[in-house]
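Engineer: A structural model of the following input is requested.
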Amino acid sequence: MNEAHHLKYLKIALVLVGIIFIAGIYPLMMIWPSGWSWHTGHSDYPLMIVGIYATLGVFLIIAARNPLDHLSLIWFTVWSSVVHGGIMTVQAFMYPEHHGHLLGDVPALFVVAIVLALLTPRGGNASSRPRAV
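Structural biologist: Numbers count the residues shown, from 1 in each chain. Next up, the predicted model:
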(Lines give C-alpha, C1' and ligand atoms only; values in the text may rest on other atoms or scores of the structure.)
Protein backbone atom coordinates (compact mmCIF):
# COMPACT_ATOMS: atom_id res chain seq x y z
CA MET A 1 0.00 0.00 0.00
CA ASN A 2 1.46 3.37 -0.96
CA GLU A 3 1.71 6.41 1.30
CA ALA A 4 -1.38 8.12 -0.11
CA HIS A 5 -3.50 5.05 0.63
CA HIS A 6 -2.06 4.81 4.14
CA LEU A 7 -2.97 8.43 4.79
CA LYS A 8 -6.46 8.00 3.34
CA TYR A 9 -7.13 4.95 5.52
CA LEU A 10 -5.59 6.66 8.55
CA LYS A 11 -8.01 9.57 8.12
CA ILE A 12 -10.94 7.15 7.93
CA ALA A 13 -9.70 5.23 10.97
CA LEU A 14 -9.27 8.43 12.99
CA VAL A 15 -12.83 9.52 12.24
CA LEU A 16 -14.28 6.08 13.02
CA VAL A 17 -12.33 5.73 16.28
CA GLY A 18 -13.28 9.29 17.19
CA ILE A 19 -16.98 8.61 16.64
CA ILE A 20 -16.81 5.38 18.63
CA PHE A 21 -15.00 7.17 21.46
CA ILE A 22 -17.59 9.97 21.47
CA ALA A 23 -20.81 8.04 20.97
CA GLY A 24 -20.07 4.35 21.48
CA ILE A 25 -18.48 3.80 24.87
CA TYR A 26 -21.39 4.84 27.08
CA PRO A 27 -23.99 2.75 25.21
CA LEU A 28 -21.67 -0.26 25.34
CA MET A 29 -21.31 0.22 29.11
CA MET A 30 -25.10 0.17 29.42
CA ILE A 31 -25.83 -2.66 26.96
CA TRP A 32 -22.92 -4.97 27.83
CA PRO A 33 -21.67 -4.00 31.30
CA SER A 34 -19.77 -7.26 31.86
CA GLY A 35 -17.59 -6.43 28.86
CA TRP A 36 -17.37 -2.65 29.12
CA SER A 37 -18.08 -1.37 32.64
CA TRP A 38 -15.69 -2.08 35.50
CA HIS A 39 -18.01 -0.97 38.32
CA THR A 40 -21.46 -2.01 39.44
CA GLY A 41 -23.97 0.07 41.31
CA HIS A 42 -23.44 3.81 41.68
CA SER A 43 -20.00 4.95 40.59
CA ASP A 44 -18.56 8.08 39.07
CA TYR A 45 -16.11 5.96 37.06
CA PRO A 46 -18.25 5.51 33.90
CA LEU A 47 -18.80 9.24 33.47
CA MET A 48 -15.08 9.95 33.93
CA ILE A 49 -14.08 7.33 31.35
CA VAL A 50 -16.73 8.54 28.90
CA GLY A 51 -15.57 12.14 29.39
CA ILE A 52 -11.93 11.30 28.75
CA TYR A 53 -12.59 9.13 25.70
CA ALA A 54 -15.17 11.52 24.22
CA THR A 55 -12.65 14.35 24.48
CA LEU A 56 -9.98 12.21 22.85
CA GLY A 57 -12.52 11.29 20.16
CA VAL A 58 -13.14 14.94 19.30
CA PHE A 59 -9.42 15.55 18.92
CA LEU A 60 -8.95 12.42 16.78
CA ILE A 61 -11.64 13.68 14.41
CA ILE A 62 -9.88 17.04 14.24
CA ALA A 63 -6.58 15.21 13.62
CA ALA A 64 -8.15 13.38 10.67
CA ARG A 65 -8.10 16.62 8.67
CA ASN A 66 -4.31 16.52 8.56
CA PRO A 67 -2.90 13.54 10.46
CA LEU A 68 0.71 14.48 9.80
CA ASP A 69 0.24 17.59 11.92
CA HIS A 70 -1.10 15.49 14.80
CA LEU A 71 1.28 12.55 14.99
CA SER A 72 1.95 12.98 18.70
CA LEU A 73 -1.79 12.74 19.45
CA ILE A 74 -2.13 9.65 17.26
CA TRP A 75 0.86 7.95 18.90
CA PHE A 76 -0.48 8.92 22.33
CA THR A 77 -3.72 7.16 21.38
CA VAL A 78 -1.78 4.08 20.24
CA TRP A 79 0.43 3.77 23.31
CA SER A 80 -2.16 4.79 25.90
CA SER A 81 -4.49 2.16 24.40
CA VAL A 82 -1.76 -0.48 24.72
CA VAL A 83 -1.03 0.50 28.33
CA HIS A 84 -4.72 0.77 29.29
CA GLY A 85 -5.50 -2.54 27.58
CA GLY A 86 -2.51 -4.21 29.24
CA ILE A 87 -3.54 -3.09 32.71
CA MET A 88 -7.12 -4.19 32.08
CA THR A 89 -5.91 -7.58 30.80
CA VAL A 90 -4.05 -8.24 34.04
CA GLN A 91 -7.03 -7.11 36.12
CA ALA A 92 -9.47 -9.19 34.08
CA PHE A 93 -7.39 -12.32 34.68
CA MET A 94 -6.99 -11.53 38.40
CA TYR A 95 -10.71 -11.06 39.10
CA PRO A 96 -13.16 -13.66 37.74
CA GLU A 97 -16.02 -11.13 37.70
CA HIS A 98 -14.08 -9.19 35.05
CA HIS A 99 -13.38 -12.03 32.61
CA GLY A 100 -16.03 -10.62 30.25
CA HIS A 101 -13.72 -7.70 29.53
CA LEU A 102 -11.39 -10.08 27.71
CA LEU A 103 -14.07 -10.16 24.99
CA GLY A 104 -15.13 -6.50 25.26
CA ASP A 105 -13.10 -3.38 25.97
CA VAL A 106 -9.71 -5.12 26.29
CA PRO A 107 -9.48 -6.35 22.68
CA ALA A 108 -11.15 -3.15 21.46
CA LEU A 109 -8.29 -1.07 22.85
CA PHE A 110 -5.70 -3.36 21.25
CA VAL A 111 -7.53 -3.18 17.90
CA VAL A 112 -7.50 0.63 18.05
CA ALA A 113 -3.78 0.60 18.86
CA ILE A 114 -2.91 -1.88 16.10
CA VAL A 115 -4.97 -0.18 13.39
CA LEU A 116 -3.65 3.30 14.15
CA ALA A 117 -0.05 2.04 14.52
CA LEU A 118 -0.15 0.24 11.20
CA LEU A 119 -1.57 3.24 9.36
CA THR A 120 0.48 6.01 11.00
CA PRO A 121 3.70 7.02 9.25
CA ARG A 122 6.91 6.83 11.27
CA GLY A 123 10.38 8.25 11.18
CA GLY A 124 11.61 9.68 7.90
CA ASN A 125 8.33 8.94 6.13
CA ALA A 126 6.46 11.24 8.46
CA SER A 127 8.95 14.10 8.69
CA SER A 128 9.85 14.36 5.00
CA ARG A 129 6.31 14.78 3.73
CA PRO A 130 5.08 18.22 2.78
CA ARG A 131 2.53 19.68 5.15
CA ALA A 132 -0.58 21.64 4.22
CA VAL A 133 -0.58 25.21 5.44
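Engineer: from the contact counts, what lies against the longest helix seen in the chain?
Structural biologist: In the chain, assigned by DSSP state H, the helix with the most residues is helix 71-94. Packing partners of helix 71-94 (3 or more C-beta pairs under 8 Å, 6 or more residues apart in numbering; DSSP states H and E): helix 3-23, helix 45-63, helix 105-119. Bear in mind the C-beta positions are built from the backbone N, C-alpha and C, glycine included.
Engineer: which one of the ones you listed is the most hemmed in?
Structural biologist: Across the helices and strands packed on helix 71-94, averaging neighbours per residue (mean count of other C-beta atoms under 10 Å) puts helix 105-119 on top, at a mean of 19.
Engineer: ok, and the helix or strand in this structure with the lowest average confidence?
Structural biologist: helix 123-127 (a mean of 59; mean pLDDT, DSSP states H and E).
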